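Novice: next one to model:
(2 chains)
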Amino acid sequence: MKKRSRFILSILAFGYAFLYIPLASVIFYSFNDSRLATVWGGFSTRWYGELLRNDQVLESAFLSLRIAFTVATLATIFGTMAGMALSRFGRFRGRTLFSGMITSPMVMPEVITGLSLLLLFVSLQQLIGWPAQRGFGTITIAHTTFAMAYVAVIVQSRLSAMDESLEEAAMDLGGRPLRVVFDITLPLIAPAMIAGWLLAFTLSLDDLVIASFVSGPGASTLPMLIFSKVKLGVTPDINALATLIILFVSTGVLIAWWVSRRAQRQSG
Amino acid sequence: MSTVTALRSDKLWQQFAVAIPYLWLLIFFLAPFAIILKISLADPIIAQPPFTPFVDDDGGISATADNYKFLLTDKLYAVTYLKSVFMAAVATLFCLALGFPMAYGIARAGESTRNLLLLLIILPFWISFLLRVYAWMGLLNNYGVINNVLMWLQLIDKPIGFMYTDFAIYIGLVYSYLPFMVLPLYATLERMDLDLVEAAQDLGAHPSQAFWDVTWPLARPGVIAGCLLVFIPAMGEYVIPYLLGGPESLLIGRVLFDEFFVNRDWPLASAVAIVLLLLLVVPIVFLQRSQARDAEGAA
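Specialist: Residues are numbered from 1 along each chain as shown, chains lettered A, B, ... in the order given. Predicted structure coming up:
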């Protein structure tokens, strides 16, 4: 028994080292003065300065954030509707197809989703002249399609874990279904909706492959810009950018964890 | 507002709540597949868009199976598909070999440690996928961290060419998809009754026998979900083989991408996508079934 737990402990240590050493090395080398990304040339923060003066980076970051914000909001609205439909509306016509279509985008390889949506946009443009150009709009539509799936699943599992008695009680007391939705159901699933919004935001911000397919000339998201630079090899300014993203995300996740733990302690 | 119209408006709301996401998915998820299928039956031409129309000028339907014939007879494609299946499967096994003991260790840790360990598994998932693959470029290249450390320790005297090999792709795949393996495994292992294993051992089972006869069968739903969650995206992976793999390590996701963007052969790229989808239909349906069962089980 002892021997076995030592085995588990060493695998755990190895696993976490495997997950975090690459990130630590990127952070370390982002403070490297040398232009050669992996030769240590002394401590410096010059790459951060260059990054903030790089208009291309700032422009694509702004585009990515705008898309991610729109996608997260749309995906939360549609995904919540879909999640409620699946767990509260009982049987309706076409439910099987609906639930299949909701979960499929999550498991579809990105190259297929990207290619199929681009071909749709090209065909639509030929038929009805829309979308006239590809960029913000088409990327937003593409991301919303797979992000709403994640929101729907989160909302659905929250709704099925929650018993319906509160909603039923409200209806028995004469509350109309639509009011019950807004006064009872939505406040109860708000944490799931927030989690879904954040997940959709991150997924959109992170996506390279689908955006590369459905974007047009002139519209380049942050991952697309990073990819075009990274193709040529390791560069110090990307190390700096990666460090900023890693620190930003880690802080956010740690704060969320801390807040939810405190909330749990207070309620429990 | 009278009760009748109120009820009607509520019914309307329900229909509205179903119809909006339903229509969205019909247009932006289902219709594109019909279009891909249609274009995969066309011939490539130099025009905008670069394929022959489905309905030709005389009103007849023009469809050809040439792209599929080409895919099936051309050796390059058969080899690429097989290699993609093989590499995705090997990467899945490595994820399982590393992920299972990790999930087991997390599930058996004390409660506050467990939450922290879980958080550390989820955290990389929120950090850009592209940047995590990029991080390995800095570790693996000839002047990278690993070679520097090995040379400093005088274990080697010239750098090992890790980059642009299948080995680098495996590292990238296992690194990127490990959390997808650990999380479902953790979910089943955490629910498992530890007394069962102890009972088996009390009754004289060797620890390894107790593992294979008790733990493993109970963990199977998590194993299946985890393996599918790794295997399916790994099959279509584009970024990892592009950044870490060499010119020979052609995986199908990269071939599709290049066929479309470099060769501009839209019909062939569509056919490649359809065949990839056919290969993945069985695992995808399996995954959806197991997730649906899970969702019902949680209720």
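Novice: just the closest residue of the stretch 101-250 of chain A to chain B, please.
Specialist: Of all residues in the stretch 101-250 of chain A, residue A:109 sits closest to chain B, with a separation of 2.5 Å (C-beta to the nearest C-beta). Every C-beta, even on glycine, is put in place using the N, C-alpha and C of the backbone.
Novice: distance-wise, check the closest residue to chain A within chain B relative to residue A:236.
Specialist: Of all residues in chain B, the one sitting closest to chain A is residue B:236 (2.5 Å; C-beta to the nearest C-beta). Distance, residue B:236 to residue A:236, using C-beta to C-beta, to the nearest Å: 32 Å.
Novice: kindly report the same for residue B:146.
Specialist: In this structure, residue B:146 lies at 19 Å from residue A:236, with C-beta to C-beta as the measure.
Novice: between these two, which has more neighbouring residues?
Specialist: Of the pair residue B:146 and residue A:236, residue A:236 is the one with more neighbours under other C-beta atoms under 10 Å in any protein chain shown, namely 24 against 17.
Novice: residues in contact with the residue lying closest to the residue of chain B closest to chain A once chain neighbours are set aside?
Specialist: Here the nearest residue to residue B:236 in space, its sequence neighbours aside, is residue A:109; by C-beta to C-beta, 6 or more residues apart in numbering or on different chains that works out to 2.5 Å. Applying C-beta atoms under 8 Å, 6 or more residues apart in numbering or on different chains, we find residue A:109 in contact with B:232-233, B:235-237, B:253, B:276, B:280.
Novice: how close does residue A:109 get to residue B:252?
Specialist: The span separating residue A:109 from residue B:252 equals 9 Å under the rule C-beta to C-beta.
Novice: same thing with residue A:261?
Specialist: Between residue A:261 and residue B:252 the distance, using C-beta to C-beta, works out to 43 Å.
Novice: more neighbours, those two?
Specialist: Neighbours were counted for residue A:261 and for residue B:252 using other C-beta under 10 Å; residue B:252 has more, 28 against 14.
Novice: pretty sure the more buried one contacts residue B:272?
Specialist: Yes: at 6.8 Å, residue B:252 counts as touching residue B:272 under the criterion of C-beta atoms under 8 Å.
Novice: residues contacting the nearest residue to residue A:247 once chain neighbours are set aside?
Specialist: Closest residue to residue A:247 apart from its sequence neighbours, by C-beta to C-beta, 6+ apart: residue A:27 at 7.9 Å. Applying C-beta under 8 Å, 6+ apart to residue A:27 gives the contacts A:239, A:242-243, A:246-247.
Novice: same thing with residue A:67?
Specialist: For residue A:67, the contacting residues are A:136, A:139-140, A:143, A:204, A:221, by C-beta under 8 Å, 6+ apart.
Novice: next, it: secondary structure please.
Specialist: Assigned with DSSP: H, G, I helix; E, B strand; the rest coil, residue A:67 falls in the helix class.
Novice: now the chain, which segments are flagged as low pLDDT?
Specialist: Chain wasn't specified; assuming chain A. Scanning chain A for pLDDT under 70 picks out A:1-4, A:37-38, A:267-268.
Novice: chain B, not that one
Specialist: Of all residues in chain B, those with pLDDT under 70 make up the ranges B:1-10, B:55-60, B:294-299.
Novice: if we use 50, what do you get?
Specialist: Along chain B, segments meeting pLDDT under 50 span B:1, B:299.
Novice: residue nearest the centroid of it?
Specialist: Nearest to the mean C-alpha position of chain B, counting by C-alpha atoms, centre = their mean, stands residue B:233 at 1.5 Å.
Novice: now it, nearest residue through space, not along the chain?
Specialist: Nearest-residue entry for residue B:233: residue A:109, 6.3 Å, with adjacent residues in sequence omitted and distances by C-beta to C-beta, 6+ apart.
Novice: just the ones of the contacts of residue A:67 in strands?
Specialist: Cross-referencing the contacts of residue A:67 against strands under DSSP state E gives no overlap.
Novice: kindly reformat these as TSV containing distance to chain B.
Specialist: TSV is the format used below for those (distance: C-beta to the nearest C-beta, whole Å):
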residue	distance to chain B
A:136	16
A:139	12
A:140	11
A:143	11
A:204	12
A:221	11
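Novice: pick out the most distant pair among those residues.
Specialist: Put simply, by C-beta to C-beta the two of the contacts of residue A:67 set farthest apart are A:136 and A:204, 11.9 Å from each other.
Novice: look at the two and report which has more neighbours.
Specialist: With neighbours defined as other C-beta under 10 Å, residue A:136 and residue A:204 compare such that residue A:204 has more, 27 against 17.
Novice: who's in contact with that one?
Specialist: If a contact means C-beta under 8 Å, 6+ apart, then residue A:204 has A:64, A:67-68, A:71-72, A:143, A:147 as its contacts.
Novice: and which of those residues is nearest residue B:291?
Specialist: Distance to residue B:291, by C-beta to C-beta, is smallest for residue A:147 among the contacts of residue A:204, at 17.5 Å.
Novice: sorry, back to before: phi first, then psi, for the residue nearest to residue B:233.
Specialist: The phi/psi pair for residue A:109 (degrees, to the nearest 10) reads phi -60, psi 140.
Novice: now swap in the one 4 residues further on and tell me
Specialist: Phi and psi for residue A:113, reported as degrees, to the nearest 10, are phi -60, psi -50.
Novice: name the element the nearest residue to it once chain neighbours are set aside belongs to?
Specialist: Nearest residue to residue A:113, sequence neighbours excluded (C-beta to C-beta, 6+ apart): residue A:210, at 5.6 Å. Assignment of secondary structure by DSSP states H and E places residue A:210 within helix A:209-214.
Novice: who are the packing partners of that helix?
Specialist: Using 3 or more C-beta pairs under 8 Å, 6 or more residues apart in numbering or on different chains; DSSP states H and E as the contact criterion, the secondary-structure elements in contact with helix A:209-214 are helix A:110-128, helix A:136-161, helix A:222-230.
Novice: and the contacts of that helix?
Specialist: Contacts with helix A:209-214, where a contact means C-beta under 8 Å, 6+ apart, come from A:110-111, A:113-115, A:117-118, A:121, A:134, A:138-139, A:141-143, A:146, A:221, A:223-224, A:227, B:238-239, B:257, B:260.
Novice: would you mind listing what in the stretch 51-200 of chain B touches chain A?
Specialist: Residues of the stretch 51-200 of chain B that fall close to chain A, judged by C-beta under 8 Å from any C-beta of the partner chain: B:98-99, B:101-102, B:104-106, B:108, B:115, B:117, B:119-124, B:126-132, B:134-139, B:141, B:143-145, B:148, B:175, B:178.
Novice: hang on, isn't residue A:208 packed against residue A:227?
Specialist: Yes: checked against C-beta under 8 Å, the pair residue A:208 and residue A:227 is within contact range at 5.5 Å.
Novice: what do these two both touch?
Specialist: Overlap of the contact sets of residue A:208 and residue A:227 (by C-beta under 8 Å, 6+ apart) consists of B:130, B:239.
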